[in-house]
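1. A structural model of the following input is requested.
(one chain, ligands or ions: 1)
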Amino acid sequence: VIDRDAILDALQKLVSINSVNPGLAPAGPGETEIARYVAGWLEALGLDVQRLEPQPGRPSIVGRLAGTGGGRSLMLNAHFDTVGVEGMDAPFSGELRDGKVYGRGAYDMKGSLAACLGAVRALVESGHRPAGDVLVAAVADEEVGSLGTTELLQRWRTDGAIVTEPTGLELCVAHKGFVWIEVVTEGRAAHGSRFELGIDANMRMGRVLHELDGLEAEVRRRRAHPLLGSASLHAPVLRGGSGPSTYADRCMLQIEWRTLPGETTAEVEAEVQAILDRLGQEDPSFRARSTTLLARDAFETRPDAPLATAVAAAAEEVRGKAPKLVGDSAWMDAALTSRVGIETVVIGPIGAGAHAEEEWVDLESVYVLADILVRATMTYCGG
Ligand SMILES: [Zn+2]
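-> Predicted coordinates for the structure are as follows:
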């Protein structure tokens, strides 16, 4: 039985604790205080609680409910860092109004974490233990570098993982990946009147941008994933030159490429490099290099995998209708768990305003999520 009061209380408390990721806002305090709260909650239930802190001030908490033996193990994963609070009126209010809980992180994803806590509480209090181990992982730093889930996977592997990022209670079995590439064109600085000496790095970058513009259209036509649509790319950052009377000696461009499952970083790098090689062959004065800044895989799970069917059946039991199978364009920690061979799905509550000035989560959907997690856990872990 889901203890609604305990879940609401946890959710409001979680929202009231400022856990802004310091990687996004320098004043962000990180996860120390929220980790203490979550650890206390799980310890009170009698779970074996461990604290991981690969970087000072950036702890994650893992609580383990030992199974009775023989079943599959499952991780319930929620990040407890949030983005910044600029422009928000009362970011830490946790106010309940018309069935919605407001505040930074309510939707992304403290509502989800409250549901995970409520689910494990229901499992403990039912006195009916699952056969396999259940891990509740409240992780740091998903919004920047995924320190928490990365560290966690060094120590624990489970058979399955439910990443509880918000999905409107639909079942997400795929998301895109991304690759960030920096391209630098090199020119030669010279007085603006001395065309015979100067090489204009910005003009050289214009050639790159022209090629990328053509490639962008092609990439979107190339292939369509049934849940994710096409891959895409854009040129979000461009910097070059020092003043109107000087030939630009250097121009820097950052490219972001959003990839589909099965597309590799090496393939993306090769496409960018092919453009630079071609431009270099056309004009020996064209000099450029590219560097990969960060790459994250896409994620995909078969809808007929045991965890996906367990979650779909649980959601149908609770809601009276089967969840839709969906994909998400944004990246999640699901890619990390999936990459190491953990069968992963994503399901989370209804709400709005992730990373926006007004953020809320639908409280009823948090209760429903907790119920779905309990049922899916019993099916998947056995018992
Ligand atoms: Zn999130």
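
2. and the nearest residue to V85 once chain neighbours are set aside, what does it touch?
-> The shortest distance from V85 to any non-neighbouring residue, by CB to CB, 6 or more residues apart in numbering, is to P91 (3.8 Å). C-beta: built from backbone N, CA, C; applies to glycine. Contacts for P91 were tallied using CB atoms under 8 Å, 6 or more residues apart in numbering; they are N18, V85, G103, R104.

3. ok, and the closest non-adjacent residue to A114?
-> L11 (3.7 Å).

4. for G84, that is, sorry about that
-> Using CB to CB, 6+ apart, the closest residue to G84 is A25 (3.7 Å).

5. that neighbour - how many residues pack around it?
-> 14 (other CB atoms under 10 Å).

6. measure how buried the residue of the chain found nearest the ion is and give me the count.
-> Closest to the ion within the chain is D108: 4.2 Å, counting by CB to the ion. By other CB under 10 Å, 26 other residues sit near D108.

7. contact partners for it?
-> Neighbours of D108 in contact, by CB under 8 Å, 6+ apart: T82, V83, E165, P166, A354, H355, E359.

8. kindly report the same for V345.
-> 160-163, 171-173, 301, 305, 307-308, 311, 334.

9. nearest residue to the residue nearest the centre of the chain other than its sequence neighbours?
-> When the chain is reduced to its mean C-alpha position, the closest residue under CA atoms, centre = their mean turns out to be M332, at 2.4 Å. Spatially, and ignoring its direct neighbours in sequence, M332 is nearest to E165 (5.1 Å; CB to CB, 6+ apart).

10. is it true that the one you found touches W331?
-> No. At 10.1 Å, E165 does not count as touching W331 under the criterion of CB atoms under 8 Å.

11. higher neighbour count, those two?
-> Set side by side, E165 and W331 show more neighbours around E165, with 25 against 20, by other CB under 10 Å.

12. for that one, give me phi and psi.
-> Geometry field for E165 lists phi and psi as phi -60, psi 150, criterion degrees, to the nearest 10.

13. hmm, back to that, you'd agree the residue nearest to A114 is in a helix?
-> Yes. L11: assigned to a helix according to DSSP: H, G, I helix; E, B strand; the rest coil.

14. list the contacts for it?
-> G94, V101, A106, K110, G111, A114, V361, L363, V366.

15. could you rerun that using 7 Å?
-> Counting by CB atoms under 7 Å, 6 or more residues apart in numbering, L11 touches V101, K110, G111, A114, V366.

16. could these go into a markdown table alongside distance to G320?
-> Below are the contacts of L11 laid out as a markdown table (distance: CB to CB, whole Å):
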| residue | distance to G320 |
| --- | --- |
| V101 | 24 |
| K110 | 27 |
| G111 | 22 |
| A114 | 23 |
| V366 | 18 |
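
17. near the ion, which of these show up?
-> Among the contacts of L11, no residue sits close to the ion (CB under 5 Å from the ion).

18. looking at the residues you listed, which are in helices?
-> Per DSSP state H, helices hold the following members of those: G111, A114, V366.

19. tell me the spacing between the nearest residue to the last one once chain neighbours are set aside and W156.
-> Here the nearest residue to V366 in space, its sequence neighbours aside, is G111; by CB to CB, 6+ apart that works out to 4.6 Å. For G111, the distance to W156 (CB to CB, to the nearest Å) stands at 24 Å.

20. which residues touch M75?
-> L135, A137, T158, A161.

21. list the beta-bridge partners for it.
-> Counting by DSSP bridges, M75 forms beta bridges with L135, A161.

22. distance-wise, check it relative to E263.
-> 26 Å.

23. identify the residues contacting the helix or strand where C251 lies?
-> For C251, the host element (DSSP states H and E) is strand 250-259. Strand 250-259 has contacts (CB under 7 Å, 6+ apart) with 176-187, 201-202, 204-205, 208, 212, 231-240, 268, 272, 298, 329.
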